[in-house]
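Peer 1: Here you go, sequence then predicted model.
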Amino acid sequence: MPLIRSFARPQRSAVSQSGKLRLLPSVLLAALLVGAVGGGAWWWKQRQDAAAVATADAGGPGSAARKPAGGPGRFGGGGVQPVSVGTVQRGDVRVVVSAIGTMSARATAVVRAKVSGELTSVRFKEGDEVRAGQVLAEIDARSYQAALSQAQGTLQRDQALLKNAQLDLKRYQDLLARDSIASQQVDTQAALVRQLEGTVASDQAQVDAARLQLSYTQVTAPFAGRLGLRQADKGNVVGPSDANGIVTINQVRPMDAAFSVPEAHLPQMRRRLAAGEELPVELWDRDARRQLAKGRVVALDNAIDTATGTIKVKAAFANEDGALYPNQFVNVRLQVNLLESVLTVPATAVQNNYVYLVQEDSTVTQRRIRVGVTDGDRVSIEGELREGEQVVTDGIDRLREGAKVAVIDAGAVTRADQATQDQAAQRRAFIASLPPDVREKLQKMSPEERRAFLRERRAQMGAGGAAAPASPASAAASSASGVGVPAAAPASTPQASAAPQQQRSEAPARAAAPQASPGAAPPAPHAAPAAPADRAAEPPRGIPPQVKALLDQMPADERARVMAMPQEERRAYIRERLQQQPPSPGGAASPAR
């Protein structure tokens, strides 16, 4: 038995090895075949792509048809690229320094009571603007009135004594002239008169002081300004020692803005201020989108901040509309100089100190420029450019030297997007104008029934109030949903009923739109509502003919998807589709097939 086992094992191993050796050539042959097929396919694809590019460069009639379905895109090669352009202009450019500033009131005061007493009335509203000297509050004045009366009584008594002493002095002087009285008595009477004159003057001062204290019972505004929040109410006892006072007032007309600018601009600012020139200053809101006020520089600080290398500047603003508030954050734009009659281009046209110049043969070439200062959406330049030439502002990333371009109106896509939004708003307004019961039934309809019903209602409204004859599809939808369609007016004409069919014949690309027959295919669920029948031949206002034709060629579901895109994505999509269309002999985009 051991001998049999040892003899059988080598036989099984030899058979297995021979089988593996027989399979090895087949595996190698299959691998070689797969590699050859893959290499041939790669070679064939490269050859086809090279032929397509050569045909496109040659401008052959079939070049546009052989473009990839996705369009040129960012790295599309040598096709015609749609771009937007701007014009090289000559004009004045401001040298503007931007800074962050804080508004401050021209004057601030805490209105306190100058005498102690109970507040009997508060005669202002919080946040009001008041005049200088306007009464803000009143304090109980009875004690101060009594003190004034007492001082006035003392004054009258001393005035009477003075009058009597003056009469006696005159008698004594007459007797002295006759040598009938001693001169000492006359001198004593004269001294008494002078003493009473001093007493009367003191009493007069007491009266004036009492009258002044009485006037302090009326709290007035020290200057014109805006009031803050009230700190004391009627019935409170107030006095000069109150920390918060009664109210705070800020002078806001005019107002000042404090901000810091780099010290490098100090010599130029001092030179212009010394020459009597104004340094205009603009204030903008936090997002730098809305201009708040215009003013001028009124003062420079007397020292430079060594920690930041800046100098503080104060500018004054009239603030006639009262829009500025103390401690308000503002963006400051200080004009330190004005460059007159320099070349400018749109800021979006500059890329790495280069611009793409559109030549007469619709090709672009790079021009190196020296960039100056930026003023708004334009930048001053120096280079080999002339006034009136066109430079590319949108689509620069797809261009190369000598690339062929097609100039597209920069506002075309914007107007198309606005028109699309207007159509959506009109649709929502139309649905909102329906009666509540009709809207409720409309919500229960299927998408096909809802579109048919709305199309029928719009056709009736577009006929000037006379309802067009209901199509079979819309009538079936209305009867199925339970919503009654207004009956057709007797004066409806055959032309009004044939308008929807004429619209469908004029727009072959709208094959997906529902037809006025029972067997027609229903439209896409998200299709946009059709225009009224009498306006079908007119393009929507604001949409260029090329974009209008492109939207008409799209299927209903694609058009609805485009309308749902964000604004920037919609513009890019429409621009890409316009580029894919082959140019027609007349220069306009031919309908997509």
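Peer 2: That came in fine, so what should we check first? Numbering: from 1, shown residues only.
Peer 1: So, low pLDDT: which residues of this protein?
Peer 2: 1-78, 410-414, 461-543, 582-593 (pLDDT under 70).
Peer 1: which residues in it form helices?
Peer 2: Assigned by DSSP state H, the helices in the chain fall at 2-58, 142-177, 183-215, 266-274, 412-432, 436-444, 447-462, 472-481, 494-506, 545-553, 556-563, 567-580.
Peer 1: and the third one, what other elements does it pack with?
Peer 2: Read that as helix 183-215. Here helix 183-215 touches helix 142-177, going by 3 or more CB pairs under 8 Å, 6 or more residues apart in numbering; DSSP states H and E. Where you see a C-beta, it was placed from the backbone N, CA and C, and this is true even at glycine.
Peer 1: try the fifth one
Peer 2: Identification of packing neighbours for helix 412-432 by 3+ CB pairs under 8 Å, 6+ apart yields helix 447-462, helix 545-553, helix 567-580.
Peer 1: can you redo those as JSON lines with distance to L167 and mean neighbour count?
Peer 2: Shown next, in JSON lines, are the helices and strands packed on helix 412-432 (distance: least, CB to CB, whole Å; neighbours: other CB atoms under 10 Å):
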{"stretch": "helix 447-462", "distance to L167": "108", "mean neighbour count": "22"}
{"stretch": "helix 545-553", "distance to L167": "111", "mean neighbour count": "19"}
{"stretch": "helix 567-580", "distance to L167": "101", "mean neighbour count": "16"}
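Peer 1: do you know which of the ones you listed lies nearest Y216?
Peer 2: helix 567-580 (64.9 Å; CB to CB).
Peer 1: helices or strands up against that closest one?
Peer 2: Using 3+ CB pairs under 8 Å, 6+ apart: helix 567-580 touches strand 81-87, helix 412-432, helix 545-553, helix 556-563.
Peer 1: one step back: which among the helices and strands packed on helix 412-432 is found nearest to T108?
Peer 2: Nearest to T108, of all the helices and strands packed on helix 412-432, is helix 567-580, at 46.7 Å by CB to CB.
Peer 1: Need the CA coordinates for the closest one. PDB is fine.
Peer 2: Output of helix 567-580 as PDB, limited to C-alpha atoms (Å, rounded to 0.1, in the frame of the first residue of the first chain):
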ATOM      1  CA  GLN A 567     -29.200  83.300 -12.900                       C
ATOM      2  CA  GLU A 568     -25.400  82.900 -13.600                       C
ATOM      3  CA  GLU A 569     -25.800  79.200 -14.500                       C
ATOM      4  CA  ARG A 570     -28.700  80.000 -16.900                       C
ATOM      5  CA  ARG A 571     -26.600  82.700 -18.600                       C
ATOM      6  CA  ALA A 572     -23.700  80.300 -19.100                       C
ATOM      7  CA  TYR A 573     -26.000  77.500 -20.400                       C
ATOM      8  CA  ILE A 574     -27.700  79.800 -22.900                       C
ATOM      9  CA  ARG A 575     -24.300  81.200 -24.100                       C
ATOM     10  CA  GLU A 576     -23.000  77.600 -24.500                       C
ATOM     11  CA  ARG A 577     -26.100  76.600 -26.500                       C
ATOM     12  CA  LEU A 578     -25.700  79.700 -28.800                       C
ATOM     13  CA  GLN A 579     -22.100  78.800 -29.400                       C
ATOM     14  CA  GLN A 580     -23.100  75.200 -30.400                       C
END
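Peer 1: In this model D394 seems to touch Q351, though I could be wrong.
Peer 2: No: contact between Q351 and D394 fails when scored by CB atoms under 8 Å: they sit 11.5 Å apart.
Peer 1: Which one of the two is surrounded by more residues?
Peer 2: D394 (19 against 13; other CB atoms under 10 Å).
Peer 1: bridging residues for the more buried one?
Peer 2: S84 (DSSP bridges).
Peer 1: and T220, how far is that from A137?
Peer 2: Note on T220: its distance to A137, by CB to CB, to the nearest Å, is 9 Å.
Peer 1: Between those two, which has more neighbouring residues?
Peer 2: A137 (24 against 15).
Peer 1: Could you give the number of residues near G388?
Peer 2: 9.
Peer 1: Tell me which residues touch it, please.
Peer 2: G388 is in contact with 87-88, counting by CB atoms under 8 Å, 6 or more residues apart in numbering.
Peer 1: Give the phi and psi angles for it, as a check.
Peer 2: phi 100, psi -20 (degrees, to the nearest 10).
Peer 1: Pull up the gap between it and A560, please.
Peer 2: Following CB to CB, the distance that separates G388 from A560 is 43 Å.
Peer 1: and what of V379?
Peer 2: 41 Å.
Peer 1: Those two - which one has more neighbours?
Peer 2: Higher neighbour count among V379 and A560: V379, with 20 against 16, using other CB under 10 Å.
Peer 1: Is there a neighbour count for the closest residue in space to that one that isn't next to it in sequence? I'd like the number.
Peer 2: Counting by CB to CB, 6 or more residues apart in numbering, A347 is the residue found nearest to V379 once chain neighbours are left out, at 4.8 Å. Counted by other CB under 10 Å, the residues lying close to A347 total 15.
Peer 1: Please name the residues that touch L300.
Peer 2: 266, 269-270, 273, 311-314.
Peer 1: Then L292?
Peer 2: Taking CB under 8 Å, 6+ apart as the test, what L292 contacts is 283-285, 323-324, 330.
Peer 1: go with 10 Å
Peer 2: 103, 257, 282-285, 317, 319, 321, 323-324, 328, 330-331 (CB atoms under 10 Å, 6 or more residues apart in numbering).
Peer 1: same deal with V200?
Peer 2: 154-163.
Peer 1: Swap in 6 Å and give it another go.
Peer 2: 158-159, 162 (CB atoms under 6 Å, 6 or more residues apart in numbering).
Peer 1: same deal with W284?
Peer 2: Counted by CB under 6 Å, 6+ apart, W284 has contacts 291, 331.
Peer 1: 7 Å instead, please
Peer 2: 290-292, 330-331, 333 (CB atoms under 7 Å, 6 or more residues apart in numbering).
Peer 1: who's it bridged to?
Peer 2: Under the criterion used (DSSP bridges), W284 bridges to Q291, N331.
Peer 1: how much space between it and V364?
Peer 2: 36 Å.
Peer 1: now do Q328
Peer 2: 47 Å.
Peer 1: Who has more neighbours out of these two?
Peer 2: V364 (25 against 17).
Peer 1: Quick check: the more buried one touching R400?
Peer 2: No: contact criterion CB atoms under 7 Å: V364 and R400 do not qualify, at 8.3 Å.
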